[in-house]
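Participant: 3D model of this:
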Amino acid sequence: MKKRRIPLLAFDGGGTKSIVVLTDREGNVLGQGKAGPCNYQGVGKKKAMREIAHAIREAILNLGITEDLALLPSIEIDCAVFGIAGLDTEYDREIIMEMVKDSLCLLTIQVGHLVVHNDGLAALLGSTEGQPGVLVIAGTGSIVFGINEFGQTGRTGGWGHRVGDEGSGYWIGKQAVTAILRTNDGRGDATRLHEWVLPHMGFSHVEDLFNWVYSSDYSVDKLGELSQLVSLAAIAGDREANRILFAASGELFVSVRAIIQQLMLTDKPFKLILQGGVLRNISLVRKQLISQIEEYAPQAQIVDMQGEPINSIISMGLVYLKSSSSELN
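Facilitator: A predicted model of the protein is given here:
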C-alpha cells in the first residue's frame, strides 16, 4: 500500500476542545481537525481517547486525499507533538501516553518522534523556543510554567478546582459567591455583587444561588463565568469586587514568584507570557500582576502571545524538525 509521509502533527488538547494541525517542514498547513475535550480527569479515559482519535482522523481527511478513511494510504509522521491538559504527574503521563499511542495505533499511523507534554508546558516551549520564559495561564483554572537558560523547567499550581486554581476565573467566581452569602448573613463587608450575579444566573434570591451550588446543575465552568461579573462590579466601584480581583492577582504572583525563584530568573532577562481569559479580559488583574512581577524581576519582558496555543505547539515541532534535519546533514 502506498504511504503518505507528513512532517509534523501538532495536537492541542484541553478541557474544552482539541485541535490538530498537520504541516510541512516550513509550517504550511496541510490539514486540520477538531474534536471535544480530552482531559481524561474531566471526561474519562475512553472518551478522551475517542476525542484524540476523532481530531486526528478529521485532520487526515482534511488532507483531501479521499473522503473515506478506509481508502487512505498508510500515514507516517516524522514528528508528533502533543500538548494535553491533565498531564500533571508521572501517573498522568503513563495514562496519557497510553491514550495517545492507542489512538495512533487505531488510525494505523506510524510516528518517528513522539513528544507529549502538558498543554501549558508545550505552549511555553513553543513560544520561547527553549529560551528563558515564564507562562502564566489564568482562565477557568490557573497554572504557571517556566524554563531557564539551562533548559530546566518548573511549574506551580494547576492542582484543580478542589484544592487549587488560585487566581483563576473559578477562584474569583467562588470568592464572589462566598462574599454574597457572607453579606446576606451580615458577616461580610457590604457588596452589590448580587446585583450582577443573581440576574445573570436567572435567580431572584440569594437562597437560589446557594441551592444551585449544591445542585446537579453546578459546574466549574459556570462558576468561572462569574469572574467577568466581578470585573464589571469592580469597574462600577464595588469595594468587595475590587478586593477579590486584587487578591486574585496576588495569588497568581505568588505562583509566578515561586517559579522565578526555582529557576533562578530573578535578576535575569526572560519572556513573560500571559494567557487565559482572566489575564486577557480583566485589566485590573493583568495590570496588578504585571506591576508585581516587574518590581520583583525587573528584566521580565512582557510578550503577547499571538493566536491560539496550537501555534506555539506547531513552532515547537518545527524547531525539532529543523534540528533533526541539521543532524542528518
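
Participant: quick one: residue 238 and residue 5, what's the gap?
Facilitator: Residue 238 sits 59 Å away from residue 5, taking Cβ to Cβ, to the nearest Å as the criterion. Bear in mind the C-beta positions are built from the backbone N, C-alpha and C, glycine included.

Participant: could you check the distance from residue 171 over to residue 321?
Facilitator: Residue 171 sits 39 Å away from residue 321, going by Cβ to Cβ.

Participant: how about stretch 235-252: buried residues?
Facilitator: 238, 240-242, 244-245, 247-249, 251-252 (16 or more other Cβ atoms under 10 Å).

Participant: so which of these are in helices?
Facilitator: Mapping these onto helices (DSSP state H) picks out 240-242, 244-245, 247-249, 251-252.

Participant: in TSV: the buried residues of stretch 235-252, plus pLDDT and distance to residue 81.
Facilitator: Shown next, in TSV, are the buried residues of stretch 235-252 (pLDDT from 0 to 100; distance: Cβ to Cβ, whole Å):
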residue	pLDDT	distance to residue 81
238	94	44
240	94	44
241	95	40
242	96	41
244	96	37
245	97	35
247	97	36
248	97	32
249	97	32
251	96	31
252	97	27
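
Participant: and which of those residues is nearest residue 180?
Facilitator: Ranked by distance to residue 180 (Cβ to Cβ), the buried residues of stretch 235-252 are led by residue 240 at 9.0 Å.

Participant: okay, now the unreliable bits of the protein?
Facilitator: By pLDDT under 70, the weakly predicted segments of the chain are 1-2, 65-73, 304-307, 324-329.

Participant: just want the most central residue of the chain.
Facilitator: Nearest to the mean C-alpha position of the chain, by Cα atoms, centre = their mean, lies residue 120 at 5.2 Å.

Participant: what kind of secondary structure is residue 312 in?
Facilitator: Of the three states, residue 312 takes helix under DSSP: H, G, I helix; E, B strand; the rest coil.

Participant: test my guess that it contacts residue 129.
Facilitator: No - Residue 312 lies out of contact with residue 129 (Cβ atoms under 8 Å); the separation is 9.5 Å.

Participant: between the two, which is the more surrounded one?
Facilitator: For residue 312 and residue 129, the more surrounded residue by other Cβ atoms under 10 Å is residue 312, and the numbers stand at 28 against 13.

Participant: how close does the closest residue to that one other than its chain neighbours sit to residue 151?
Facilitator: Using Cβ to Cβ, 6 or more residues apart in numbering and skipping residues adjacent in sequence, the residue nearest residue 312 is residue 126, 3.2 Å away. For residue 126, the distance to residue 151 (Cβ to Cβ) stands at 15 Å.

Participant: what of residue 55?
Facilitator: According to Cβ to Cβ, residue 55 stands 30 Å off from residue 151.

Participant: over to residue 216?
Facilitator: With distances taken as Cβ to Cβ, residue 216 is found 46 Å from residue 151.

Participant: who has more neighbours out of these two?
Facilitator: Per other Cβ under 10 Å, whichever of residue 216 and residue 151 has more neighbours is residue 151, with 10 against 6.

Participant: now do the contacts for the nearest residue to the more buried one once chain neighbours are set aside.
Facilitator: Leaving aside its sequence neighbours, residue 151 sits nearest to residue 130 (Cβ to Cβ, 6+ apart; 6.7 Å). Contact analysis of residue 130 by Cβ atoms under 8 Å, 6 or more residues apart in numbering lists 147, 151, 319.

Participant: change it to 10 Å
Facilitator: 124, 147, 149, 151, 316, 319 (Cβ atoms under 10 Å, 6 or more residues apart in numbering).

Participant: now swap in residue 259 and tell me
Facilitator: For residue 259, the contact set (Cβ under 10 Å, 6+ apart) comprises 134-136, 144-148, 153-157, 265.

Participant: same list, those residues, but as a markdown table with neighbour count please.
Facilitator: Shown next, in a markdown table, are those (neighbours: other Cβ atoms under 10 Å):
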| residue | neighbour count |
| --- | --- |
| 134 | 26 |
| 135 | 29 |
| 136 | 30 |
| 144 | 26 |
| 145 | 25 |
| 146 | 27 |
| 147 | 24 |
| 148 | 20 |
| 153 | 16 |
| 154 | 18 |
| 155 | 19 |
| 156 | 22 |
| 157 | 26 |
| 265 | 23 |
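
Participant: how about those, which pair is most distant?
Facilitator: Across those (Cβ to Cβ), the longest gap, 18.3 Å, separates 148 and 157.

Participant: coming back round to it: can you list the contacts of residue 130 in TSV and add distance to residue 256 and secondary structure?
Facilitator: What follows is the contacts of residue 130, written out as TSV (distance: Cβ to Cβ, whole Å; DSSP: H, G, I helix; E, B strand; the rest coil):
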residue	distance to residue 256	secondary structure
124	13	helix
147	14	strand
149	18	coil
151	20	coil
316	22	helix
319	25	helix
